[in-house]
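Undergrad: Fold the following, please.
(chains A, B and C)
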Amino acid sequence: MNALEVRDLTLRFGAVTAFEGVSFDVERGELFAVIGPNGAGKSSLFNALSRVYEPGAGSVRLEGRDFLRVRRDRLAALGVARSFQNLGVFPHLTVLENVLVGRHHLMRCGVLRGGLGLAGREERRHRAAALEALEFVGLGAHRGTPVQLLPYGHRKRVELARCLAMEPRLMLLDEPVAGMNAGERAEITALVRRLREERELTVLLVEHDMGMVMEVADRVLVLDFGVPIACGTPAEIQCDERVIRAYLGEELDDRVAA
Amino acid sequence: MRARALLIAAALVLLVLPFQLGTSALTTATFVVIAAIGATGLNVLTGYAGQISLGHAFFLAVGAYTGAKLGEDLGWSAALWIPAAGVVAGLFGALVGPIALRLSGLYLAIVTLALVFIGQHVFFNAESLTGGPQGRAFPPVFTEPLALGALLIDTNGLYYYLALALLAGATAFAWNVRRTRAGRAMVAVRERELAACVMGVDVRRVKVAAFTAAAFMAGASGALYASYLSFAQPGEWSLLLSIQFVAAVIVGGMGTVAGPLLGSAVVFALPTLLKELPFLPQEADLASIAYGLLIVVFLVLQPRGLAGLLNQPKEAHS
Amino acid sequence: MTEFLQLLFQGLSLGATYALVALGFAVVYRSSGVINFAQGAMLLLGAYAISWLAVDLGVAFGLAVLAATIVLALGGAGLHALVLRRVVGQPTFVLVMITIGVGIAVTHGVEAAFGPDRRLLGDPWGSSAFEAGGVVVNTVKVWGIAVTALALAAYFAFDRYTRWGLAMQATAADEEATLSVGVPVRRVHAATWAMAGALATLGGLFLAGFPGAPQPALGDAALRAFPAVVVGGLGSPVGAVVGGVLIGVIEVLTSGYAPESLGTNFYAVAPYIAMIAILLVRPYGLFGARPVERV
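TA: Numbering: from 1, shown residues only, chains lettered A, B, ... in the order given. Model prediction:
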């Protein structure tokens, strides 16, 4: 059974079509990337897949089950974790607390038990798990720092740790290296690769940065103006004419002809 | 470590205060501490969960009239009617919360505004419970001074220590909440509601829980407050009272541990202080103007409140 | 039947005033997501300003209204420039709380400055009235309805047909995008707050007209415009108008027909009860929409 099966997915905002007729499968354990030039519809697709937007047509099956009926706050329980482009970290919580929010759906204590001081054992257990995720991304030493004091690259890592701490089966990463310099990019790319190799996770990645995608992805889907134009291994799509044209436009053709 | 030393020093000061103050100053201090209990609850709702409530006066009233019904009319002991006041107010909070909170957060502010007005209307008209516009008497907790060996503590002092004990309990509760799952969820909801939701936080449940906890503490505070006043009219539970609590939370420092007490000290001692200053016009309600200005000034210039000034940890870190 | 028509007329006139105030709320909410809790205070200030100019200073009434409107428009813009702009980037609830603070300070400041007694508005209409089909029609109320209708027409024309109106809509929809195409967003916000101040003054004028008067209780009366804007749907100008009229009619009909058992002055809370009832069925008001979520 595939981790994710998308068929004919379509999303429109009034008269504007974000994407249409998108179909693809994501196999268990693979790292699947969705790329495309600006305005291609990748972010909209991503948001549709993470239940932020409601697609107009098509179907999505998560491990065989209908995914489009799922309530947003049930995603975590179903094993789906997503990262956010403009950071899903909570500025006034510490690094560790941020990761612990990822553990929220795995914990039980509410206001009453927490307030009365009865949550000790649960806290200890889950802090250990959160710390483990933090160590994986290399931020264990910063656990007590309020996140708003950290540089952008570190915050992205906190978010990755938080996703990891959710113990997901499917991880949705929204442009993980957006806005980063070369050094930060390399770090995150390495982290994502380690994620793929060391944990049994399926990852769906939306990204702009071709270099990163070519390095980590097993298969790639290319979108252009909301329409899928190619799907295959990184090597395959790199040579695909339609892909080249979509990214570089007509210029290349003219230059070649001249 | 410095924080801990400050805490111990503050606790010591608070404990010996009654023996240092004259009667009227002690009365003010007691009101401040009683109010701080309610402010602690509002701090959870507004400081942690970021929800604006203008309805705190309503829950204080519910607590007060519950205490009156059980303590004065039915003769129960304070050890029962104070917690009962909290529970009943909490129940009201659990009832109202879902209605207001299924909408965007700002609707809560308006619905709680409605709550205060509707509440006051009911209180003005429900004569058997509230005494109507004339008001009613409220049951005392202490009627006689207490002799502890050589020490004699009068009823004023006894109220003070009871309030202090309840404040300590409320503060410990709130601090515990902040350090655990529920508190983190509240802050997450306040900062990035959508992200929190997608991570599995049941946003509505979190907000309702915060609202209920705030109502509970307001109820206990209100019962003790009315008891200390010994007599109150329905006009007491006004929008202005709600705003005093909002001001206290903001001035003290939203989401901080010391905030509720610091803010209450400023806000609830202010009227008395203003009366002492001879150069100010006495008939005007300057305190209310001051509350408004304090809210604006602190939010614009010192959003971390007085607690922030004293370099308290912004929020209790894990 | 006459009694009903009488009450209906009064309800419509009150509703027209609420519609004005509610429109002021809606305009601010639409462009910045802030509920302006100071709107009632601005209304109070407007009414007192007119009264002070017309009665204490002897200024011609029309001029007094104009001057007060300008002063409050400047005040609204000033509030935005001096206070709200300083907290740009903070969560909405901070801005809302600031308006609460301003509202309380201004409301009590007005009372401190002018005292607790009723004042004369200084309007030329007073209690003059004429009869139409058995219904007593107060001149001031007719003016109220007329001015409201004019103000609403002007607003809707502005919103639809002028560049500034378009700028306000754009700022409301997506501030960053609007900023990036060169629209002076700060000035748009200032203009929005100025508009709120002006609308508040007009609302104050008619709320303080016969049988009302400039008095501190006017602030509480103004708060009843909240249910109006919520019922209509936050941020919907049409909703504000519909909500305002609806709430005004409900309030007056209730004052006429409510049974004793509901308590004295039930009409004062009827708007709030109506609001909660409507919210239970239509969570975003009659014309409101789910707020757009930014990811």
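Undergrad: nearest residue to residue 225 other than its sequence neighbours?
TA: Looking at chain A here, since you left the chain open. Of all residues not flanking A:Phe225 in the chain, A:Ala40 sits nearest, at 6.5 Å (C-beta to C-beta, 6 or more residues apart in numbering or on different chains). In short, each C-beta sits where N, CA and C put it, glycine included.
Undergrad: my bad, chain C
TA: Nearest non-adjacent residue to C:Ala225 (C-beta to C-beta, 6+ apart): C:Val21, at 3.8 Å.
Undergrad: which ones are touching the one you found?
TA: Counting by C-beta atoms under 8 Å, 6 or more residues apart in numbering or on different chains, C:Val21 touches C:39-40, C:43, C:199-200, C:203, C:207, C:222, C:225, C:228, C:244.
Undergrad: Quick check: nearest residue in space to C:Ala221, chain neighbours excluded?
TA: For C:Ala221, the spatially nearest residue (C-beta to C-beta, 6+ apart) is C:Leu207, at 5.9 Å.
Undergrad: so the residue nearest to A:Met180 when sequence neighbours are not counted is in which element?
TA: In this structure, A:Met180 finds its nearest non-sequential neighbour in A:Gly153, 6.1 Å apart by C-beta to C-beta, 6+ apart. Element membership for A:Gly153, per DSSP states H and E: helix A:152-165.
Undergrad: Would you mind listing the buried residues in that helix?
TA: Buried residues in helix A:152-165, defined by neighbour count with 16 or more other C-beta atoms under 10 Å in any protein chain shown: A:153-165.
Undergrad: what does stretch A:204-215 give?
TA: Result for stretch A:204-215 [16+ other C-beta under 10 Å]: buried residues A:204-210, A:212-214.
Undergrad: beta partners for the residue of the stretch 151-258 of chain A found nearest chain C?
TA: Of all residues in the stretch 151-258 of chain A, A:Asp174 sits closest to chain C, at 8.4 Å by C-beta to the nearest C-beta. Judged by DSSP bridges, the bridge partners of A:Asp174 are A:Val206.
Undergrad: from what I can see it touches A:Ala81, true?
TA: No. Applying C-beta atoms under 8 Å, one finds A:Asp174 not in contact with A:Ala81, separated by 11.3 Å.
Undergrad: of those two, who's got more company?
TA: Applying other C-beta atoms under 10 Å in any protein chain shown to A:Asp174 and A:Ala81 shows that A:Ala81 carries more neighbours, namely 28 against 22.
Undergrad: so that one makes contact with A:Leu173?
TA: No. The criterion here is C-beta under 8 Å, and A:Ala81 misses it with A:Leu173 at 9.2 Å.
Undergrad: Are there residues contacting both of those two? Which ones?
TA: Residues touching both A:Ala81 and A:Leu173 by C-beta under 8 Å, 6+ apart: A:Cys163.
Undergrad: if we can go back for a sec, what's the lowest-pLDDT member of the buried residues of helix A:152-165?
TA: Lowest pLDDT among the buried residues of helix A:152-165: A:Gly153, with 85.
Undergrad: coming back round to it: against B:Ala248, how distant is the residue nearest to A:Met180?
TA: As defined by C-beta to C-beta, to the nearest Å, A:Gly153 lies at a distance of 40 Å from B:Ala248.
Undergrad: residue ranges for the strands of the stretch 101-250 of chain C, please.
TA: Ranges of strands in the stretch 101-250 of chain C, per DSSP state E, counting those that start in this stretch, are C:129-132, C:135-138.
Undergrad: Which strands border the last one, and is each parallel or antiparallel?
TA: To tie it back to what came earlier, the one meant is strand C:135-138. Per DSSP bridges, strand C:135-138 is paired in its sheet with strand C:129-132 (antiparallel).
Undergrad: Quick check: buried residues in the partner strand?
TA: C:Ala129.
Undergrad: now stretch A:15-33
TA: By 16+ other C-beta under 10 Å, the buried positions in stretch A:15-33 come out as A:17-20, A:22, A:24, A:26, A:30-33.
Undergrad: of the residues you listed, closest to B:Ala64?
TA: Of all those, B:Ala64 sits closest to A:Ala18, with 55.4 Å by C-beta to C-beta.
Undergrad: Extract the residue ranges of chain A that are flagged as low pLDDT.
TA: For chain A, the stretches flagged by pLDDT under 70 are A:248-258.
Undergrad: Spell out which residues of the stretch 151-295 of chain C are next to chain B.
TA: By the rule C-beta under 8 Å from any C-beta of the partner chain, the part of the stretch 151-295 of chain C lying against chain B is C:223, C:226-227, C:230, C:234, C:263-266, C:268-269, C:272-273, C:275-276, C:279-280, C:283-284, C:291, C:293, C:295.
Undergrad: now those: which count as buried?
TA: By 16+ other C-beta under 10 Å, those give C:223, C:226-227, C:230, C:234, C:266, C:268-269, C:272-273, C:275-276, C:279, C:284, C:295 as buried.
Undergrad: give me every residue that touches the nearest residue to C:Ala258 once chain neighbours are set aside.
TA: Once flanking residues are discounted, C:Ala258 sits nearest to C:Phe266: 4.5 Å by C-beta to C-beta, 6+ apart. Residues in contact with C:Phe266 (C-beta under 8 Å, 6+ apart) are B:121, C:254-255, C:258.
Undergrad: Tabulate these in JSON lines, adding columns for pLDDT.
TA: Listed next are the contacts of C:Phe266 as JSON lines, based on pLDDT from 0 to 100:
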{"residue": "B:His121", "pLDDT": "94"}
{"residue": "C:Thr254", "pLDDT": "91"}
{"residue": "C:Ser255", "pLDDT": "89"}
{"residue": "C:Ala258", "pLDDT": "83"}
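Undergrad: By proximity to chain A, which residue of the stretch 1-150 of chain C wins?
TA: Counting by C-beta to the nearest C-beta, the stretch 1-150 of chain C gets nearest to chain A through C:Pro91 (10.6 Å).
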